[in-house]
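>>> Provided below are the primary sequence and the corresponding predicted coordinates.
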Amino acid sequence: MNTTVNQTLDARNMNCPLPILKTKKALNSMQAGDLLGITATDPGSVKDFQSFCDQTGNTLISSESGNGEYSFVIQKS
């Protein structure tokens, strides 16, 4: 991923809804257009982050998985 993130969030070993709640809190402190990189281990997070972005108007730039971890980049609207 060649995307430079402004902030990162480690949501590993957290189960729903904690990764989303922590993401929402992190995005609240960021500027529009900033990128937040998130690493999670909850398999449900793939669907959760897509739904979160659909509902909040933020943009899911990327969603990748490997080695039991899920990586996301969200752009704040």
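Yep, it's here. Numbering: from 1, shown residues only.
>>> ok, G68 - contacts?
Taking Cβ atoms under 8 Å, 6 or more residues apart in numbering as the contact definition, G68 lies against T41. Quick note: C-beta positions are derived from backbone N, CA and C, even for glycine.
>>> any idea how far it lies from Q50?
The gap separating G68 from Q50 is 19 Å, by Cβ to Cβ, to the nearest Å.
>>> same check, this time on T56
11 Å.
>>> got it, and I20?
Taking Cβ to Cβ as the criterion, I20 is separated from Q50 by 11 Å.
>>> higher neighbour count, the two?
Set side by side, I20 and Q50 show more neighbours around I20, with 21 against 13, by other Cβ atoms under 10 Å.
>>> wait, what's in contact with that one?
Residues in contact with I20, defined by Cβ under 8 Å, 6+ apart, are D48, F49, F52.
>>> For stretch 49-68, output the C-alpha coordinates as PDB.
In PDB, the C-alpha atoms belonging to stretch 49-68 read as follows (Å, rounded to 0.1, in the frame of the first residue of the first chain):
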ATOM      1  CA  PHE A  49     -15.800  -1.100   8.400                       C
ATOM      2  CA  GLN A  50     -17.600  -1.100   5.100                       C
ATOM      3  CA  SER A  51     -20.900  -0.500   6.800                       C
ATOM      4  CA  PHE A  52     -19.400   2.200   9.000                       C
ATOM      5  CA  CYS A  53     -18.100   4.100   6.000                       C
ATOM      6  CA  ASP A  54     -21.400   3.700   4.100                       C
ATOM      7  CA  GLN A  55     -23.200   5.100   7.100                       C
ATOM      8  CA  THR A  56     -20.800   8.000   8.000                       C
ATOM      9  CA  GLY A  57     -19.800   9.200   4.600                       C
ATOM     10  CA  ASN A  58     -16.100   8.400   5.200                       C
ATOM     11  CA  THR A  59     -14.300   6.600   2.400                       C
ATOM     12  CA  LEU A  60     -12.900   3.100   2.700                       C
ATOM     13  CA  ILE A  61      -9.700   3.500   0.700                       C
ATOM     14  CA  SER A  62      -8.400   0.000   1.100                       C
ATOM     15  CA  SER A  63      -9.200  -3.300   2.900                       C
ATOM     16  CA  GLU A  64      -6.600  -6.100   3.000                       C
ATOM     17  CA  SER A  65      -6.200  -9.300   4.900                       C
ATOM     18  CA  GLY A  66      -3.400 -11.700   5.600                       C
ATOM     19  CA  ASN A  67      -1.900 -13.700   8.500                       C
ATOM     20  CA  GLY A  68      -5.100 -13.400  10.500                       C
END
